[in-house]
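S.K.: Take a look and give me a structure for this.
(chains A and B)
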There are 2 protein chains.
Amino acid sequence: MTSGAVGGREAALSPDAGRTLRGVVWAPDVCAARFGDPANRWDPEVEVTMALPSERSNDTLLPDLPGGPLCAFRARASFSWRQLALFLESESELRLKNMLTSPLQMSTFISCLGMYDWSLATKFFLSVLTFGSAIYSSGSKRHLKYILQLLSMEIFGCFALTELSHGSNTKAIRTTAHYDPATEEFIIHSPDFEAAKFWIGNLGKTATHALVFAQLCMPGGQCHGLHAFVVQIRDPKTLLPMPGVMVGDLGKKLGQNGLDNGFAMFHKVRIPRQDLLNRTGDVTPEGTYVTPFKDSRQRFGASLGSLSFGRVSIICMSVSNLKMAVSIALRFSATRRQFGPTDGEEIPVLEYQMQQWRLLPYLAAAYALDHFSKSLFVDMAEFYRDVLKKNWSARQAELGREIHALTSAGKPLASWTAQRGIQECREACGGHGYLAMNRLGNLRDDNDPNCTYEGDNNVLLQQTSNYLLGLWARQGQGGARFESPLKTVNFLEASSDILGRRFEGPSGGGCLDSSVPLAAYEWLVCYLLQESHQKLDQEKRSGKNDFDARNNCQVYYCRSLALAFLELTVVRRFHAYTHQPSVPPSLRAVLGRLSALYALWSLSQHTALLYRGGYFSGEQAGKMIENAILDLCSQLKDDAVALVDVIAPPDFVLDSPIGRADGQLYRNLWSGVLQQSQVLERASWWAEVSTNKSVVGSRKAKL
Amino acid sequence: MTSGAVGGREAALSPDAGRTLRGVVWAPDVCAARFGDPANRWDPEVEVTMALPSERSNDTLLPDLPGGPLCAFRARASFSWRQLALFLESESELRLKNMLTSPLQMSTFISCLGMYDWSLATKFFLSVLTFGSAIYSSGSKRHLKYILQLLSMEIFGCFALTELSHGSNTKAIRTTAHYDPATEEFIIHSPDFEAAKFWIGNLGKTATHALVFAQLCMPGGQCHGLHAFVVQIRDPKTLLPMPGVMVGDLGKKLGQNGLDNGFAMFHKVRIPRQDLLNRTGDVTPEGTYVTPFKDSRQRFGASLGSLSFGRVSIICMSVSNLKMAVSIALRFSATRRQFGPTDGEEIPVLEYQMQQWRLLPYLAAAYALDHFSKSLFVDMAEFYRDVLKKNWSARQAELGREIHALTSAGKPLASWTAQRGIQECREACGGHGYLAMNRLGNLRDDNDPNCTYEGDNNVLLQQTSNYLLGLWARQGQGGARFESPLKTVNFLEASSDILGRRFEGPSGGGCLDSSVPLAAYEWLVCYLLQESHQKLDQEKRSGKNDFDARNNCQVYYCRSLALAFLELTVVRRFHAYTHQPSVPPSLRAVLGRLSALYALWSLSQHTALLYRGGYFSGEQAGKMIENAILDLCSQLKDDAVALVDVIAPPDFVLDSPIGRADGQLYRNLWSGVLQQSQVLERASWWAEVSTNKSVVGSRKAKL
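M.R.: Numbers count the residues shown, from 1 in each chain, chains lettered A, B, ... in the order given. Here you go, the predicted structure:
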């Protein structure tokens, strides 16, 4: 944690801003909503749907944007940005009055807070949501006091799982918790520095309590595997470490430096027996291990779904970052002029096909992935509602597995798309994109860990391909139908038909509709699933053990399969959303184009496979896709600024001189530069340079 | 410029390190070598070659690396890393005694200094090489005083071309220089803030003099276009701005924050008539514009070659960054263990096919692009030698155009490969890669502007495709043969044969040799050239003007053409280098694998086009390429650590705890974390948080 302010955007938080935000973060109804104050409890019976759009425009809710150079582009838009904003968000989400009636307000809350500052948002989520909800879901009545202390701000939490030498392989965590029946205490201990808890957000400077994962060992020597313990780290009154705890801050990271990632080593730290979170296993005072669960398979499926919350949030974070980056780059591109058909006349760089092709697919991706993120939030809410109802049905377990598969590939797809998109936006803004105040670097750096935490992207993709391969194998054994609660795999039922399909140039208007790539994606997923299955089979038949066989099927097979399946799901959901009858007629064209552009552009990354597997043949198939992408870019460029007006946060949140809504590119940038501290002053070290010059240089030698 | 040290790596320069480095930077023979002190003048007759390897190993030159966990991997290598290091670099380059006998020592010097700190290196290059050599090449005898002052450190220079509203389109620069015959002065003036010089390296805090590009206007009102003027910015004794100059620092950037990028506005600043650099045009005292050049076409070709120096340097910078990133990531991967075939046994992540596939192609790219960078330096030196000889032959102009085409695509290829490679390395090191001290963020941020300055990558690629399309059109008109001084386009002579070729699975050992992708690349470039030519023709025939027609041919056509041509050139040169008879037998296998891996991996990005154009057909072609890439990765993984030992700088330069040569991953990281300042201290603001908690929280409310 390098900045002086707790969780504040580095050097950007005025004392007032801090106070205001702290008010938002700690709004009691937000916390109560999640943690079941009886009066405010999330009502499992409230139906979970994506709110339908309000048709009436509301100028107070969405005030006029400032005039200026962007007006010319706005006037060209084929639709009203206000209408589309209300279609996508609905008035109630935009108002964020409370989080009880719609789960989408949770995702809106995450993105609003995070767009201002991810460090601040993450500090809050890690303490209240990650630490708090783990206690809520894995503990019992005796742990309720921690949740109350958390909500009253008496304690501040963190989630201490990973160690210096272990991240992905959580089973190999080496911190121990030995039970001592004499005192009815656990002894938390780090065997060596490689087992130090490491990377733990909030632990560096602020956490008073940690949820520490450790190997539970009994006096007899038996070990019962990883369990979670509430361990006090610091005295809440002094913020000094507790005896036996060596705790510190990891230092500067590539981004999110308002978050204090830390480490801790425990030297035989004793905690009460009651501080074991005992939902899955408990220790009696005498030292007997007891577990209330019998059918561990169903519980596993259900717990997979619960794990997904972090990943769905990361999808939402990634989409928020991508939205901000394309907003900055497209407003810049509509106002930056460079070259032109004649020497005297320069045109906005957005008029160049190259600039459109670099940026507009990412704009479409921001829209498509935003819809996917929201729809997945709704699915999660449905799942969570049944968890609260203690529904342990087979369908609930199946839903848990499906959501796990979607989030395990959704997080990689969203975080990588954002990572690449932000970099493209940075480059598309040239040198001005490299200036820190324009914020593209901050977005890239804050987005970067989304590719790593809650599961490394490449490792995580295996969860999705394993899910699909498992279904495929079960079906091959003459077993179940392809049918899942969210219907994402139901098309596999027709896989033999689908594999026989071939691309035929669409009759008439080219492939400017997302139904063409949708059909191609269905073929692609079936093809990759069949190929991956055969490859795995072949590796096993060649004598490889299961571990090696799976490892040798990832590159070009399972990894591609997981991504293609997720892209198909995103494309399918966005296609359905943009083609539903309730879409206002004036928004149909622009939404249809966004859907088609995202679908075709994503698909075009797989052209080689489409040819290789025989779905495409001849020169025209590939060219048709490319031409459609360029046509759609050209059709969307006049709508680009208005599309960005819909998704961009207010200027004080976006905080980018070249991306402000008034489009006064140079005036804002010039003001931003000149208003920095000491911008026109001599450097403090001027004399040193000057003195050195006369001593070291040749002038003295010439005397 | 945010750090207090001039050009020092932020917060990392100890006073001693600073002194040592300053000595290196200002070594007089380095400067004299470039600027023609008669005794030391670069001798145009010295033959320019790439030094052949010294066979004898030299333990003093390349001392033993420290023992530790990497030894097991080093023992598996099929070759001696010392032998390969000497094969690639030769003893004399490694010693860097002087820069006169081999131009490669220039590139070695750039990379050695830059690997320590690009900001420091850039400050030096911008002043001495960019500012200094522009005066040398564009000025005349009357400007020699500036070069002498520069070398004696009385002045410090910068190169002031771009303005707030103009970068790529330099013709539209708006700063003016009006000549006043009454006083024999030029009046340098910025018409408004959009014409402020902007992004100028060294201008922010340190430059005393700038080479200002301005529109030369005569008293009669005629304008003669852009010319360069030496303008004093600050008093060298006080570093205070000169009258009429408003100068300041741009503030924080994404990287290279040890470099002070600045802006300047000129309010009617008067400079003597003599400070116009007058090689291409001069003004008489009375106010008449005179130019000594007649054949401007030949001069243009030659000057294009001169422009290439900056781009060749950026290729070298990008390769240096990629070398460091793969060194860090591969040493990490050989020592980081995670999962394994059994619960008790974990294996290094480098053993996973996925990790090999993510990293080893970038290792191969570092080697292949390093060779390309060096060979281009040699070509540049040959070109520059003839410039010094005032050779204005047609061949020299043609060589200038060819080098311009190679650097215009070489800079994009190298900078993008480094950008993507560094990001992959960051992700491949997981969370530890996200810790700033491990340096991958610093490499990414310092490398990023390589994609932008000296020409935006996408804009620059048009120079290369224009060169190829120009040759193709000339040949189509029954004109010249395809023959260029460096022979990079000679294969086009056989284009009709090449276009008729089809991929046939290589007989026997698969396609584990770079000759297979080399043949495929030749077909690909011919195909893309033909397609781009036809597309341009079609756009023009549809009635588009030249500007629009060219713009609509970039995406999927000219852009791909330029990159494929450059990749072919890199592959061809590295193939020839690794297959020459002088390669020691014990190095042939490993170098051949690196060459094949880079070639196949690059080619695999174009598989869709190979299918679409009919070069590939059937499933096997694509699979064969993929299998060959994976086989090569597997063959190279035991050589990976030793290959990295060859290209990694010493530990104090690489400066990455997870990438140290001793491979003590966790010990180094743990020490690095604990040795930071105040790592175990309470945050300075602890009381504020604690106080706030008791005021805002619910404890008070409960009283």
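
S.K.: how close does the residue in the stretch 451-600 of chain A that chain B sits nearest to get to A:Lys540?
M.R.: Residue of the stretch 451-600 of chain A nearest chain B, by Cβ to the nearest Cβ: A:Phe547 (4.3 Å). (Each C-beta comes from the backbone N, C-alpha and C, glycine too.) Distance, A:Phe547 to A:Lys540, using Cβ to Cβ, to the nearest Å: 11 Å.

S.K.: do the same with A:Cys223
M.R.: For A:Cys223, the distance to A:Lys540 - Cβ to Cβ - is 32 Å.

S.K.: got it, and A:Leu161?
M.R.: Look at A:Leu161 and A:Lys540: by Cβ to Cβ, they are 32 Å apart.

S.K.: picking up where we left off before, who's more crowded, A:Cys223 and A:Lys540?
M.R.: A:Lys540 (15 against 12; other Cβ atoms under 10 Å in any protein chain shown).

S.K.: Quick check: the more buried one is in a strand.
M.R.: No. Counting by DSSP: H, G, I helix; E, B strand; the rest coil, A:Lys540 is not part of a strand but helix.

S.K.: what residues are up against it?
M.R.: By Cβ atoms under 8 Å, 6 or more residues apart in numbering or on different chains, the contact set of A:Lys540 is A:Asp546, A:Ala549.

S.K.: ok, back up a step: now the residue of the stretch 451-600 of chain A closest to chain B. Nearest residue, chain neighbours left out?
M.R.: Nearest residue to A:Phe547 in three dimensions, chain neighbours excluded: B:Pro341, at 4.3 Å (Cβ to Cβ, 6 or more residues apart in numbering or on different chains).

S.K.: Next up, the contacts around the one you found.
M.R.: B:Pro341 touches A:Asn545, A:Phe547, A:Asp548, B:Ile347, counting by Cβ under 8 Å, 6+ apart.

S.K.: Show me what the longest helix anywhere in chain A is packed up against.
M.R.: Counting by DSSP state H, the longest helix found in chain A is helix A:296-335. Under the contact criterion of 3 or more Cβ pairs under 8 Å, 6 or more residues apart in numbering or on different chains; DSSP states H and E, helix A:296-335 touches helix A:104-116, helix A:353-388, helix A:394-428, helix A:430-434, helix A:440-447, helix A:640-647, helix A:651-654, helix A:665-674.

S.K.: Could you give the average pLDDT over that helix?
M.R.: For helix A:296-335, mean pLDDT is 83.

S.K.: From the chain's centroid, how far away is it?
M.R.: 3 Å (Cα atoms, centre = their mean, to the nearest Å).

S.K.: State the number of residues packed around A:Leu440.
M.R.: 30.

S.K.: leaving aside the residues next to it on the chain, what's closest to it?
M.R.: Ranked by Cβ to Cβ, 6+ apart and with sequence neighbours excluded, the top spatial neighbour of A:Leu440 is A:Arg426, at 4.3 Å.

S.K.: Just to check, that neighbour is in contact with A:Leu435?
M.R.: No. A:Arg426 is not in contact with A:Leu435 according to Cβ atoms under 8 Å; the separation is 10.3 Å.

S.K.: any shared contact partners between these two?
M.R.: Common neighbours of A:Arg426 and A:Leu435 (criterion: Cβ under 8 Å, 6+ apart): B:Leu254.

S.K.: And the closest residue in space to A:Leu568 that isn't next to it in sequence, how close does it get to A:Asn442?
M.R.: Distances taken as Cβ to Cβ, 6+ apart place A:Tyr521 nearest to A:Leu568, at 4.0 Å, with adjacent residues excluded. Here A:Tyr521 is placed at a distance of 34 Å from A:Asn442 (Cβ to Cβ).

S.K.: Around A:Pro649, how many other residues sit close by?
M.R.: Neighbour tally, A:Pro649, other Cβ under 10 Å: 16.

S.K.: Identify the residues contacting the nearest residue to it once chain neighbours are set aside.
M.R.: Leaving out its chain neighbours, the residue that sits closest to A:Pro649 by Cβ to Cβ, 6+ apart is A:Met115, at 4.7 Å. For A:Met115, the residues meeting the contact criterion (Cβ under 8 Å, 6+ apart) are A:Ser320, A:Lys323, A:Met324, A:Pro649, A:Val653, A:Leu654.

S.K.: And A:Gly67, by the same measure?
M.R.: Counting by Cβ under 8 Å, 6+ apart, A:Gly67 has contacts A:Asp662.

S.K.: ok, it to A:Leu61 distance?
M.R.: 20 Å.

S.K.: With A:Ser313 instead?
M.R.: Shown here: A:Ser313 relative to A:Leu61, a distance of 26 Å by Cβ to Cβ.

S.K.: Among the two, which residue is more densely surrounded?
M.R.: Shown here are A:Ser313 and A:Leu61; by other Cβ under 10 Å, A:Ser313 has more neighbours (27 against 14).

S.K.: That one and A:Met115: what is the separation?
M.R.: 14 Å.

S.K.: Write out the residues of the stretch 101-250 of chain A neighbouring chain B.
M.R.: Residues of the stretch 101-250 of chain A found near chain B (Cβ under 8 Å from any Cβ of the partner chain) are A:151-154, A:162, A:164-169, A:171-172, A:193-194, A:196, A:198-199, A:205-206, A:236-240, A:246-250.

S.K.: Tell me the buried residues within those.
M.R.: A:151-154, A:162, A:164-169, A:172, A:193-194, A:196, A:198-199, A:205-206, A:236, A:239, A:247-250 (16 or more other Cβ atoms under 10 Å in any protein chain shown).

S.K.: Now, those that are in helices?
M.R.: A:Leu151.

S.K.: Okay, and which of the buried ones among the residues of the stretch 101-250 of chain A next to chain B map to strands?
M.R.: If you go by DSSP state E, these have A:Phe198, A:Trp199, A:Val247, A:Gly248, A:Asp249 in strands.

S.K.: May I see those arranged in CSV, with pLDDT as well?
M.R.: As requested, these are arranged in CSV below (pLDDT from 0 to 100):
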residue, pLDDT
A:Phe198, 97
A:Trp199, 97
A:Val247, 98
A:Gly248, 97
A:Asp249, 97
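
S.K.: Could you work out the end-to-end span of stretch A:199-217 for me?
M.R.: 25 Å (Cα to Cα, to the nearest Å).

S.K.: What of stretch A:447-461?
M.R.: 19 Å.

S.K.: give the contact list for A:Leu126.
M.R.: Residues near A:Leu126 by Cβ under 8 Å, 6+ apart: A:Gly157, A:Cys158, A:Phe159, A:Gly201, A:Asn202, A:Leu259.

S.K.: Show the buried residues in those residues.
M.R.: For these, buried by 16+ other Cβ under 10 Å: A:Gly157, A:Cys158, A:Phe159, A:Gly201, A:Asn202, A:Leu259.

S.K.: ok, the residue nearest to the fifth one when sequence neighbours are not counted - contacts?
M.R.: With Cβ to Cβ, 6+ apart as the criterion, A:Asn202 has its nearest non-adjacent residue at 3.9 Å, and that residue is A:Cys158. Under the criterion of Cβ under 8 Å, 6+ apart, the neighbours of A:Cys158 are A:126-127, A:131, A:200-203, A:207, A:209-211, A:233, A:262.

S.K.: now swap in A:Gln149 and tell me
M.R.: A:Ile155.

S.K.: where does it land in three-state SS?
M.R.: Secondary structure for A:Gln149, judged by three-state DSSP, is helix.

S.K.: Show the pLDDT at it.
M.R.: So A:Gln149 comes in at 92 (pLDDT).

S.K.: picking up where we left off before, let me know the closest of the ones in strands among the buried ones among the residues of the stretch 101-250 of chain A next to chain B to A:Leu528.
M.R.: A:Trp199 (33.7 Å; Cβ to Cβ).
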